[in-house]
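Engineer: show me the folded form of this:
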Amino acid sequence: MLGKKFQFIFVLLYISVFLQAQSPLPAADQTNLYFPFLEGKHLGIVANQTSRIGSVHLVDSLLNAGFNIQKVFAPEHGFRGESEAGAVISNGIDTITGLPLLSLHGKTKKPTADNLQGIDLVIFDIQDVGVRFYTYISTLAYVMEACAENNIPLLILDRPNPNANYIDGPILEKEFKSFVGLLPIPVVHGMTLGEMALMINGEGWLQNQLQCTVHIIPIKNYTHQMIYQIPISPSPNLPNDNAIALYPSLCFFEGTAISIGRGTEFPFEVIGYPEAQIKDFSFQPQSIVGKSLHPKSENQICYGVDLREFSKKQNRPNKLNLHYLIDFYSTYPNKNQFFTDFFNLLAGNNKLQEQIKAGLSENEIRSSWEPELITFKLKRKQYLLYPD
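Structural biologist: You can find the predicted model right below:
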């Protein structure tokens, strides 16, 4: 009950100050709202390079303020954000602070009871991009579950979602549950991680319907329709706002033979493959340490589409774009090798692949999502902290 009380206290506090300034203020910057809760606590921190108070890392700031951090938990890409997608993160010691680092993207994706021993409070502060297969949502769910099992409260420092202005895509089916899709939500869900935590608790999505005691520090002056420019790249292959806006649609290509520019300086802004020589644009993926050690079509010239001017030429996306996926499948010379096994995990079902193979139009595919999306949107409303 204590956790629910704090949730409502912070919601009321948020409403009282909402829209008093011009731009969103992430929760981490509002130290007066959560520093009092940290006094005398042994802290565990789930963080990466985006976890900042102003320009200073959250961990450094808390240490400088005299708080007792026991352990740091590192998600995909690592605590300092220096590892490529899918890379195994190892336990170790942070060279800057000397704190023990425990991996949540290796053999262990969920903190163990031993990991949490001696910790009174876990703080979660990571910049998300609002897409189901971006794995920080899965990390949040596993951390919530571990905290619930060990009776440790979780403090979430909420941050804006740069893709919160729309909701789209198929709902994940349980048969396709994986670390790139852990929850029964659409591809683009329109929620912050704080709101998602409320939904995870409210819908009973933790193992054995456990409930995590969650305290949420809300973003100040924020709505889901606000344009938010992330000050620090949330992961090595999302280097700018344009890539972040294109990511929900282009990530489907990760489950195909087509490159989306990993191994270049513009990942998630281009699409192509070596045999597509009818295209005017070309690029050559190469090994880049920390970003893509062995990218798809490495050292081969790929021909395709350049979307680096996308955000300048078009309005902010308000739906998933399946046009590129359908177009590249229709022109790919060996269709039996177009999709990989990973595609269905990204889609969250096996229907999308079959719909594309059957030649369905983008509108026909989208209409098949609508009934479940309507249900999701109704559920979502009760967990929102910020206006749409």
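Engineer: break down the chain into its strands, ranges please.
Structural biologist: Residue ranges of the strands in the chain, as given by DSSP state E, are 42-47, 52-53, 56-57, 68-74, 92-93, 100-103, 121-125, 154-157, 214-217, 270-273, 281-283, 302-306.
Engineer: worst mean pLDDT among these?
Structural biologist: Ranked by mean pLDDT, these end with strand 92-93 at the bottom, a mean of 86.
Engineer: what about that one, distance to the chain center?
Structural biologist: Mean-position distance between strand 92-93 and its chain equals 24 Å (C-alpha atoms, centre = their mean, to the nearest Å).
Engineer: what pairs with it, and is each one parallel or antiparallel?
Structural biologist: strand 100-103 (antiparallel) (DSSP bridges).
Engineer: could you pull up the residues touching residue 128?
Structural biologist: By C-beta atoms under 8 Å, 6 or more residues apart in numbering, the residues touching residue 128 are 134, 136-137, 159, 161, 192-193, 234. C-beta coordinates here come from the backbone N, C-alpha and C atoms, glycine included.
Engineer: just to revisit the earlier point, redo the strands of the chain as TSV? Include mean neighbour count and distance to residue 175.
Structural biologist: Formatted as TSV, those follow (neighbours: other C-beta atoms under 10 Å; distance: least, C-beta to C-beta, whole Å):
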stretch	mean neighbour count	distance to residue 175
strand 42-47	22	29
strand 52-53	21	39
strand 56-57	16	40
strand 68-74	21	29
strand 92-93	12	36
strand 100-103	19	28
strand 121-125	25	29
strand 154-157	25	29
strand 214-217	24	29
strand 270-273	25	29
strand 281-283	17	36
strand 302-306	20	32
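Engineer: so which of those strands is nearest residue 204?
Structural biologist: strand 214-217 (14.0 Å; C-beta to C-beta).
Engineer: so, low pLDDT: which residues of the protein?
Structural biologist: Residue ranges of the chain with pLDDT under 70: 1-21, 81-89, 278.
Engineer: for the longest helix belonging to it, packing partners?
Structural biologist: Ranked by residue count and defined by DSSP state H, the top helix of the chain is helix 362-381. Helices and strands touching helix 362-381, by 3 or more C-beta pairs under 8 Å, 6 or more residues apart in numbering; DSSP states H and E, are helix 193-202, helix 351-357.
Engineer: can you give me how far the shortest one is from the chain middle?
Structural biologist: In this case it means helix 351-357. 25 Å.
Engineer: list the contacts of that helix.
Structural biologist: So helix 351-357 is contacted by 170, 252, 322, 325-326, 329, 335, 339, 343-344, 347, 364-365, 368 (C-beta under 8 Å, 6+ apart).
Engineer: okay, that helix in CSV with CA atoms only?
Structural biologist: C-alpha atoms of helix 351-357 as CSV (Å, rounded to 0.1, in the frame of the first residue of the first chain):
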residue,chain,number,x,y,z
LYS,A,351,1.2,-13.1,-39.3
LEU,A,352,3.1,-10.0,-40.5
GLN,A,353,5.6,-12.1,-42.5
GLU,A,354,2.8,-14.1,-44.0
GLN,A,355,0.9,-11.0,-44.9
ILE,A,356,3.8,-9.5,-46.7
LYS,A,357,4.5,-12.7,-48.6
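Engineer: circling back to that earlier point, pull out the buried residues from the contacts of helix 351-357.
Structural biologist: Of the members of the contacts of helix 351-357, the ones counted as buried by neighbours, 16 or more other C-beta atoms under 10 Å, are 170, 252, 322, 325-326, 329, 339, 343-344, 347, 365.
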